[in-house]
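[1] from the sequence below, what's the structure:
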Amino acid sequence: MSAADAARIPQLLTALRLPTIKRLWPDIAEQCDKEGWPAARLLATLVELEVADRSQRRIARHMEQAKLPAGKHLDSFDFSAVPMISRAHLQALASGDRWLVSGQNLLMFGPPGSGKTHLAAALGRELVEQGYRVLFTRTTDLVQRLQAARQELTLPSALEKLDKFDLLILDDLSYVEKDQAETSVLFELISTRYERRSMLVTANQPFGQWDKIFPDPSMTVAAIDRLVHHSVIFEMNVESYRRRGALAKTTSKAKEVIEQTAD
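    Okay, the predicted model is just below:
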């Protein structure tokens with residue numbers, strides 16, 4: 001290869017937006033020359049590296065956009081403390097393919113501290129790593145943003161932007177105030193995604209108490225109907241997950257103090 005041709009390659013790769021090949025091709029080409037690779041192997045190696053790096057950069061970008069709480073992983077969730085939740089079932093859902101494609105929902109109910117948010121965020125993280133787009137948000141925060149969009153006459157655009165996410169995680173739905181303006185935009189969001197895009201909802205209150213969220217009984221029934229249709233429901237009625245963890249740490253620390261005193 002002439003020096004002129006070699007000098008043109010970085011420019012061409014920049015124009016084609018192939019930064020990984022641009023960075024690695026000199027070393028790979030040198031190895032190719034030494035080992036006598038056929039041209040097809042050289043090309044395949046460079047393209048595979050570009051595709052792999054591009055995939056990792058896309059996942060990193062989507063992970064940042066997902067706004068997931070830090071430190072929430074399936075491996076760090078204590079499934080023994082929530083026996084009604086199957087690790088195998090969650091790992092199957094983490095593949096995402098069928099239920100996300102068909103727009104199914106996941107609903108997690110349980111008292112505060114039962115691990116709903118941890119499990120929802122951990123599942124969201126797994127799905128992002130599988131290549132799906134996820135957004136995690138407190139329900140009250142999203143409702144306020146949608147309400148502001150409605151006042152600015154941009155609600156359709158705001159809902160359309162949410163459509164890019166394969167899964168929308170609404171945490172703590174029960175804390176939405178019983179206000180006509182707030183609950184109407186929440187209902188519109190649920191209706192817009194119905195049978196099209198999946199939602200994962202966590203709530204402290206069972207369906208029987210959702211009249212505290214939606215002021216209109218018919219709206220309550222319609223919202224529940226849209227969420228439950230094509231859904232998987234997890235009931236996590238256990239003692240506070242956080243309280244057990246704090247108690248375990250306190251007990252462990254107390255044992256250490258006792259042992260040190262005994263010595």
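[2] run the chain-centre distance for stretch 92-112.
    11 Å (C-alpha atoms, centre = their mean, to the nearest Å).
[3] again with stretch 138-148
    18 Å.
[4] so which helix or strand takes in L49?
    Assigned by DSSP states H and E, L49 belongs to helix 39-66.
[5] helices or strands up against that helix?
    Other helices and strands packing on helix 39-66, by 3 or more C-beta pairs under 8 Å, 6 or more residues apart in numbering; DSSP states H and E, are helix 19-35, helix 116-129, strand 134-138. Glycine gets a C-beta too; all of them are placed from N, C-alpha and C.
[6] what are the buried residues along the second one?
    Which is helix 116-129. Buried positions in helix 116-129, judged by neighbour count with 16 or more other C-beta atoms under 10 Å: 116-128.
[7] make JSON lines out of the helices and strands packed on helix 39-66 and add distance to A88 and mean pLDDT.
    What follows is these, written out as JSON lines (distance: least, C-beta to C-beta, whole Å; pLDDT from 0 to 100):
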{"stretch": "helix 19-35", "distance to A88": "36", "mean pLDDT": "88"}
{"stretch": "helix 116-129", "distance to A88": "13", "mean pLDDT": "95"}
{"stretch": "strand 134-138", "distance to A88": "21", "mean pLDDT": "97"}
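[8] got TSV for the ones you listed, with distance to L46 too?
    TSV is the format used below for these (distance: least, C-beta to C-beta, whole Å):
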stretch	distance to L46
helix 19-35	5
helix 116-129	25
strand 134-138	31
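[9] for A92, find the nearest of these.
    helix 116-129 (10.7 Å; C-beta to C-beta).
[10] tell me which other helices or strands that closest one touches.
    helix 39-66, helix 87-93, strand 105-109, strand 134-138, strand 167-171, strand 198-203.
[11] mean confidence for the third one?
    If I follow you right, that is strand 105-109. Across strand 105-109, pLDDT averages out at 93.
[12] show residues contacting that strand.
    Identification of contacts with strand 105-109 by C-beta atoms under 8 Å, 6 or more residues apart in numbering yields 93, 99, 116, 119-120, 123, 198-206, 227-228, 230-237.
[13] partners of it, with directions?
    Here strand 105-109 has these sheet partners by DSSP bridges: strand 198-203 (parallel), strand 231-235 (parallel).
[14] can you give me the offset of the helix or strand that comes right after the first one from its chain's centre?
    Later in the chain than strand 198-203, the nearest helix or strand by DSSP H and E is helix 217-228. Using C-alpha atoms, centre = their mean, we find the averaged C-alpha position of helix 217-228 to lie 25 Å away from the chain's own average C-alpha position.
[15] same check, this time on stretch 138-152
    On C-alpha atoms, centre = their mean, the centre of stretch 138-152 falls 20 Å from that of its chain.
[16] re earlier: could the strands paired with strand 105-109 be laid out in TSV, adding mean neighbour count, mean pLDDT and distance to L153?
    Formatted as TSV, the strands paired with strand 105-109 follow (neighbours: other C-beta atoms under 10 Å; pLDDT from 0 to 100; distance: least, C-beta to C-beta, whole Å):
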stretch	mean neighbour count	mean pLDDT	distance to L153
strand 198-203	24	94	25
strand 231-235	16	91	32
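[17] so which helix or strand of this structure has the lowest pLDDT on average?
    Here the helix or strand of the chain ranked lowest by mean pLDDT, DSSP states H and E is helix 241-262, holding a mean of 47.
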